[in-house]
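K.L.:
quick one, what's the 3D model for this:
(2 chains)
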2 protein chains.
Amino acid sequence: MAAPATRRRRATISAVRSDEAAGEKGGLGGRTPNKLSCHRLQESLLSSASSFSNYRGILNWCVVMLVLSNTRLFLENLLRYGILVDPIQVVSLFLKDPYRWPAMCLVIVSNMFIMVALYTERQLAKGSFSEKLGLFIHCLNLSIVLVFPVATVLLLPSVTPVGGAFALSAYTIVLLKLYSYKDVNKWCRERDQVFVRNLRRSLSCPSAPSNGKQTVSYPGNLTVKDLYYFVFAPTLCYELNFPRSARIRLGFLLRRLFEMIIVLQWMVPVIRSSMKPFEEMDFSRMVEHLLRLAVPNHFIWLIFFYWFFHSSMNLVAELLRFGDREFYRDWWNSETVTYFWQNWNIPVHKWCLRHFYKPLLRRGLNKWLSQAAVFLLSAFFHEYLVSVPLRMFRLWAFMGMMAQLPLAWLVARFLRGNYGNAAVWMSLIIGQPIAVMMYVHDYYILNCGGDV
Amino acid sequence: MAAPATRRRRATISAVRSDEAAGEKGGLGGRTPNKLSCHRLQESLLSSASSFSNYRGILNWCVVMLVLSNTRLFLENLLRYGILVDPIQVVSLFLKDPYRWPAMCLVIVSNMFIMVALYTERQLAKGSFSEKLGLFIHCLNLSIVLVFPVATVLLLPSVTPVGGAFALSAYTIVLLKLYSYKDVNKWCRERDQVFVRNLRRSLSCPSAPSNGKQTVSYPGNLTVKDLYYFVFAPTLCYELNFPRSARIRLGFLLRRLFEMIIVLQWMVPVIRSSMKPFEEMDFSRMVEHLLRLAVPNHFIWLIFFYWFFHSSMNLVAELLRFGDREFYRDWWNSETVTYFWQNWNIPVHKWCLRHFYKPLLRRGLNKWLSQAAVFLLSAFFHEYLVSVPLRMFRLWAFMGMMAQLPLAWLVARFLRGNYGNAAVWMSLIIGQPIAVMMYVHDYYILNCGGDV
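P.N.:
Presented below is the predicted three-dimensional model:
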């Protein structure tokens, strides 16, 4: 790990324990002026009254336990399946027979919509399109981005559920990014018009950081390179001048790459083998199966979280020298359901706040109604990403998301502190597999002729 | 949990996330002055470079997972065994036939040695005993405290290993307490003599806190009540005026009591059933068994730690209004083996520092030699508490403790930060069951005729 950070953390520890250090240096008077007294009024660290919160070691403990209890499994799987993560094989398979990878083709087609958005913005900047025409083209374009993959997935039977989910996720990300792109460019034009009106004909962008680096101002950002940097950057919110890290740290890059590969190699057989019980499952004893399913499902979700939001996003950000690495916040400390939803997925949360929640507020909508609208939008996309690839419309994901609203109220009303935190964990551990189970159940009924 | 603490912790969170709060209040300018910019240069929280360390939620997660995965087990055990923790039953059993409880009788006898120490100190205070005679009687008394239970356990075959370990632990605690008592009273006399020599005939104790409470000064502390308060107080270091908490908090008391009982009720059958595999164990496949043993052994140790160092000690302290609740420090964040040994057991660490390490330093011993001497003493007591009850002298515990010295050097030399922390966890998870296994192996060979 980075040495300065370690030293900083050590420094914190030694600041807390300075009395100890003084005592260690010898001389009985280190701790208190008098050697006859060696106690002082204080709480135990684990007591909630102590307000101590440094449990970094517990996180390491979880990792050590996970590694220890899976080492044998991992070695066995390496020997049995070989190396599963082989990008060259994937690419060569795709090039040999692109029609066998319809989801991948679908993703490649999405570039067309990105180019349409850029073209529209360029025309708007030049004044060739009126604002109304531009908005119409953007809306049309975004609607197609939303509907086109759905039509493809539903009409092409060769798209697998996994492939479908992948393609739909990619399209959803493109949709949110292009929406943000359209909004920010419009804000730029609006600001420029205000400047013109105020007769302040300054061409420089006042928001640009002026620390010696080159910055881009409005019409100058409408380039293919700039747009594609945004498309690949791990964020959903467009900005003319993203903060950039100074350089690519090779050690950091390799650690994240190692994590990504090791998790993939380890997860693929685990998920495969966890699918087996479903095939032999007796759905009459639902509750028992649910509890048996809950813990592995939760672990898979946690590991997926780490893999996607920490390893992968940091890897991409490091490669692009994208500076803002806040992809999640300390949702593990959530004492309310709301805090969890605001902090576990920062790119989406940021987008919702900037392009949906705040515009609603500015239009005069009530704060609570706006929050409910955000949940409604989120519920829609959860359903969209699950129902279409599985080709079943059951609304379980939608209802699961909407159930968060009364749950949030209940937890905030009746539980505080560590109890609230435990309730959030319980809802994650128990709630998620219920929704998963519903879909799995219906999927098997639908696809295995209902003979379960 | 205590509401003020929760509020304080929330306050910390909201201080960290003040930008979020500002953003939530509406108005696009909450976060940055410009709505066009919404990213800033920062690391992910899980990166070691972020120096973020608030993982209280992970601790709650561990508790939730432990409870969830053991609920059924716990209910089954309650139905099968009934309530195991029944103090009335224990007391009545003991009163009916005290000779069936030799370990308990042994503990009761220890009061004699406590009274001898008090008598000696009183004579020393009055001047009836010279310092030399007093030291001789104290040393004799402490030697008997060390040797008497060993002789009893080895000579009386009715003492079980568990009973023997319990009695020896009690005697060790009494030994360390009386040693501290003797030292502190001697220091008081020495200080008083310095005062007399300096012609400053002040009778008040300068170290006593003068915040309106009654404080005790030297000869006034030599009472039965004062000594027994110290004997029952959860510390090994004597002090004339212990810091006291303002009142007994009933809620806190009940929570700790609930934890104590629930853990006992849950642990007893788990330990019993974990003993079974030993009886059927094939010792030829040692390594595999070791790994299978390591994880449950580690969990038992962790739960024992919480039960003893948090629940029980806080319960006793709350009852006695003993103010200093620092029974452990954040050993879970240990990045070196030394840090772990200095922080997991504060009563013993404090005693070693005050009555062994610092006196050695004052006698001019080297710092490293003194540290090794502390480890040697600690290794002796580890061996003492294991070998005598099992009636086997194998030195595994002694060697296990002494092996900490090279291990500490290796970890400090080659590993930093989270890697050092992981190494400390590994040594705990793997090292402990090796020692346990050695004793179990030898015990079965010895007591089951070696036919394993």
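K.L.:
residue A:160: neighbour count?
P.N.:
Using other Cβ atoms under 10 Å in any protein chain shown, residue A:160 has 13 other residues around it. The C-beta positions use only the backbone N, C-alpha and C, and glycine is treated the same way.
K.L.:
could you find the closest non-adjacent residue to it?
P.N.:
Distances taken as Cβ to Cβ, 6 or more residues apart in numbering or on different chains put residue A:103 closest to residue A:160, at 7.6 Å, once the chain neighbours are dropped.
K.L.:
I figured the one you found hits residue A:166, correct?
P.N.:
Yes: in this structure, residue A:103 is within contact of residue A:166 by Cβ atoms under 8 Å, at 5.3 Å.
K.L.:
who has more neighbours, these two?
P.N.:
Neighbour count, other Cβ under 10 Å: between residue A:103 and residue A:166, residue A:103 has more, with 22 against 17.
K.L.:
longest helix of chain A?
P.N.:
Ordering each helix of chain A by length in residues (DSSP state H) puts helix A:161-197 first.
K.L.:
for it, list every residue counted as buried.
P.N.:
Residues A:161, A:163-189, A:191-192 are the ones in helix A:161-197 that count as buried (16 or more other Cβ atoms under 10 Å in any protein chain shown).
K.L.:
relative to residue A:129, how far out is residue A:253?
P.N.:
Note on residue A:253: its distance to residue A:129, by Cβ to Cβ, to the nearest Å, is 42 Å.
K.L.:
between these two, who's got more neighbours?
P.N.:
With neighbours defined as other Cβ under 10 Å, residue A:253 and residue A:129 compare such that residue A:129 has more, 19 against 14.
K.L.:
quick one, phi psi at that one?
P.N.:
The phi and psi torsions at residue A:129 (degrees, to the nearest 10) take the values phi -100, psi 140.
K.L.:
immediately after the least confident helix or strand in chain A by mean pLDDT, which helix or strand?
P.N.:
Lowest on mean pLDDT, DSSP states H and E among the helices and strands of chain A sits helix A:18-24, with a mean of 39. Next in sequence after helix A:18-24, counting helices and strands by DSSP states H and E, comes helix A:56-81.
K.L.:
where in chain A is pLDDT low?
P.N.:
Scanning chain A for pLDDT under 70 picks out the ranges A:1-34, A:82-87, A:90, A:93-94, A:97-99, A:199-213, A:268-292, A:448-452.
K.L.:
the spatially most central residue of chain A: what's it in contact with?
P.N.:
In chain A, the centroid-proximal residue (Cα atoms, centre = their mean) is residue A:345; its distance is 4.1 Å. Residue A:345 sits next to A:309, A:327, A:328 when contact means Cβ atoms under 8 Å, 6 or more residues apart in numbering or on different chains.
K.L.:
the spatially closest residue to residue A:376 that is not a sequence neighbour and chain B: what is the separation?
P.N.:
Sequence neighbours aside, residue A:402 is the residue nearest to residue A:376 in space, at 7.4 Å (criterion: Cβ to Cβ, 6+ apart). Per Cβ to the nearest Cβ, to the nearest Å, residue A:402 is found 21 Å from chain B.
K.L.:
got a list of what residue A:402 touches?
P.N.:
By Cβ under 8 Å, 6+ apart, the contact list for residue A:402 reads A:375, A:376, A:379.
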